[in-house]
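Using only what follows, build the 3D model:
(chains A and B, ligands or ions: 4)
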Amino acid sequence: MSINFKQIEDKLKTEARKLLEEGKVSIVLAYGKGYDEKKPMPYVVRKTSDIENIVFNEYCTANMARYLVRYPRGTKIAIAVKPADSRAVVQLIQEEKVKREDLIVLGIPVYGMKNFKTGETIDSKTTCGIYNPVLYDILLGEEVHGQPVVSPYDVLVDYEKMDKDGRWTFWKKELDRCIRCYACRKACPMCYCDPCFIDQNKPKWGEKSPESQGNLMYHLTRFHHLAGRCIDCGECSRACPVDIPLYLFHKKVAKECEEMFGQAAGMKIEDKPALVNFRVEDSDKILE
Amino acid sequence: MLKKTAIQKISDLAAELLAKGTLIAPVKESAGFNFREISDSGQVDFSFYNTLMSPKSAFFPQTEDFVRYDKNKSVLDAQCVDLNLKPIFLFGVRPCDVKSFEIMDIHFSGTGAVDPYWKKRREATTIFGYAFDLKTPADSADFYSTLNIGAADPEGSDIFMMKKGDGLLLKAITPKGENLLSSLGSLTEASADEIKYFDDTVAAGRSFKTRFTCVDDKVIAKKLEDLFHKTEFWEKISDACLSCGACTFVCPTCYCFDICDETLFAAGVRRRVWDSCMFTDFTMEASGHNPRTKVYQRLRQKICHKYSFHIRKYGVISCVGCGRCTRSCPVNIDIFSIVDQALKE
Ligand code: SF4
Ligand code: SF4
Ligand code: SF4
Ligand code: SF4
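Ligands and ions are numbered 1, 2, ... in the order given. Below you'll find the predicted structure:
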């Protein structure tokens, strides 16, 4: 079985039209034409005349959940989500940033998406590697079954072989390349703080210039702010203009969280974010 | 004066330049090529199309230290950071990027206030421009033709280079370039054929096409002014924008910076660091008021600054069509399409 992108695109258009015409939503967060076929863009459909510009192809990697918090609370929104993106929606609902009843979730079961900058296929190495959205109202396409089930943490094998010093050296080297453009946090659906800690200057949490000290402060704090919240869409790493493999840290933290608290981020609406919830039986490993 | 060398022998040329001063050239890094100070002549790699980051950092580094201080000591003990520069050779700059230096000069030395750091670096530097390969189609993001820049324009370079087969031709454009070129022993004289090839390529570069739309300075400036209050237009084009700083940081003509004091315990440094009008806190005032709270207001600022305000104030568009912003944008926002759309409004 392979993914019929054209069919998904057509369904997306049909559903968007229906929802807008019936007045069920005021906007549809989807994908639209970019300057090149291989460069589609996040797209906000407001009127039925916008619908013709909708596209869905293998380069539609953006996580549209990132845009949800941009609209006033109570706005009725339909959102197109790929599997990882649906987890971001769930996590945002858990964190009470959006209300379930304000959303119509258009789920897209998919695999074989491609990084539009490098052409590489995106799989469980840089994303959570699930094939079906965990939450949807309308499914645009058929559920994917029979694809290999790969743990999103398999990619950590080499990383975990490094000892503490090795990891420190690795991250220092990688993070020293950071130019502090903040594309990573801006592409992240879970980085919605306004202002972000690193933009504050009273107190000032980290240096502004792109050097070791400030870079480490920004990234290590961001990594930890995402503990138990990162849904592993991999958008931060793809957004990074200098290709820093941020996903490795996020995956490592996600894995530890899952082991400690028995839940992965954004899987069920009923869950509470792992680090917000307190259960007597919770592991104490985090305090060690 | 036209000289030549073999591409294979580029490291000899690099070694000669290294002996005379600092060499900055494209180096392959994990995400692409970047201009870096070369320490080993073998590092110079000519297989690049264009660099990820623009060469502006050769004159305007992302971090520039001004004053070092110690809070436990008197203010008078603070040390101004002086630049002691050796001659700098900036090697392999594409014509569109060479053009950007001229635009940046307006801000750093052309309007009365002179930035000593920019000026010193500029004066110490010999620019080796480098023609695009006319046999390779332009990257789909490039649009320098729209801004009337040729793929092999030598203007603005001190020495201009182009490939011919497996050879490299180097022509002196300015007296500074002439002096340097005549002192380089690893080069040989070019033949009459090669002189003709050079001139033909410069001419052919003028008709080499990247993406193109007809942009008249005055027309686009006025158009954007008229569109300024048409909020729906700006909202629509910025729906996807993440409001990060990637586009402005890679851009050769973005020059905004912030001055900050970075202190660890008592010792610190006052420095300037690149800033970006796409950042949420760019316009944050001390009172806490922020006149640009919306993404569309910030993207509108970026576009209008380059294609409207800059023309009204300085007479030129502040963009050279290098395509970097488009290539680096995580969501494929494309300044060319925006300008094109604005013209059609
Ligand atoms: S890094 Fe932390 S403070 Fe900043 S936006 Fe992300 S979660 Fe919020
Ligand atoms: S996107 Fe990359 S370069 Fe930009 S701030 Fe994040 S890690 Fe640094
Ligand atoms: S605005 Fe974009 S195309 Fe224009 S000079 Fe800057 S990076 Fe290049
Ligand atoms: S245009 Fe692209 S690169 Fe620039 S701020 Fe918006 S999302 Fe970031």
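
Find the closest residue to ligand 3 in the stretch 101-250 of chain A.
A:P241 (11.7 Å; C-beta to the nearest ligand atom). (C-beta placed from N, C-alpha, C; glycine too.)

Any part of stretch A:178-188 near ligand 1?
Yes. Interface with ligand 1: stretch A:178-188 contributes A:R185 (C-beta under 6 Å from any ligand atom).

give me the low-pLDDT residue ranges for the stretch 1-150 of chain A?
For the stretch 1-150 of chain A, the stretches with pLDDT under 70 are A:1.

Contact residues of it facing ligand 4?
So the stretch 1-150 of chain A never meets ligand 4 (C-beta under 6 Å from any ligand atom).

show me the contacts for B:C277.
B:248, B:256, B:283, B:298, B:301-302, B:305 (C-beta atoms under 8 Å, 6 or more residues apart in numbering or on different chains).

which residue ends up closest to the midpoint of the chain in space?
With no chain named, the answer covers chain A. A:C233 (3.7 Å; C-alpha atoms, centre = their mean).

look at chain B instead
Nearest to chain B centroid, counting by C-alpha atoms, centre = their mean: B:P252, 2.8 Å.

residues contacting that residue?
With C-beta under 8 Å, 6+ apart, B:P252 has these contacts: B:54-56, B:96-97, B:100, B:104, B:320, B:322, B:324.

So which of those belong to helices?
In helices, defined here by DSSP state H, the members of the contacts of B:P252 are B:96-97, B:100, B:104, B:324.

of the residues you listed, closest to ligand 1?
Nearest to ligand 1 among the ones in helices among the contacts of B:P252, with distances taken as C-beta to the nearest ligand atom, is B:R324, at 25.7 Å.

circling back: report the two of the ones in helices among the contacts of B:P252 separated the most.
The span of the ones in helices among the contacts of B:P252, defined through C-beta to C-beta, is set by B:M104 and B:R324 at 14.6 Å.

Looking at these two, which one has more neighbours?
Counting neighbours by other C-beta atoms under 10 Å in any protein chain shown for B:M104 and for B:R324 shows that B:R324 has the greater number, 27 against 23.

Is B:F89 in contact with B:T126, as I believe?
Yes. If you go by C-beta atoms under 8 Å, B:F89 and B:T126 touch, sitting 5.3 Å apart.

Which one's more surrounded, these two?
B:F89 (27 against 21).

residues from the stretch 101-250 of chain A in reach of ligand 1?
So far as C-beta under 6 Å from any ligand atom goes, the stretch 101-250 of chain A lies against ligand 1 at A:185, A:191, A:193, A:196-197, A:222, A:225.

So which residues of chain B form strands?
B:2-6, B:22-29, B:32-37, B:63-70, B:79-80, B:88-93, B:125-130, B:159-164, B:167-172, B:188-189, B:257-264, B:267-274 (DSSP state E).

Comparing the ones you listed, which yields the minimum mean pLDDT?
Of all those, strand B:257-264 carries the lowest average pLDDT, namely a mean of 92.

What angle do strand B:63-70 and that one make with each other?
Taking axes from the mean of the first three to the mean of the last three C-alpha atoms, to 10 degrees, one finds that strand B:257-264 is oriented at 40 degrees with respect to strand B:63-70.

Fine by me, thanks again.
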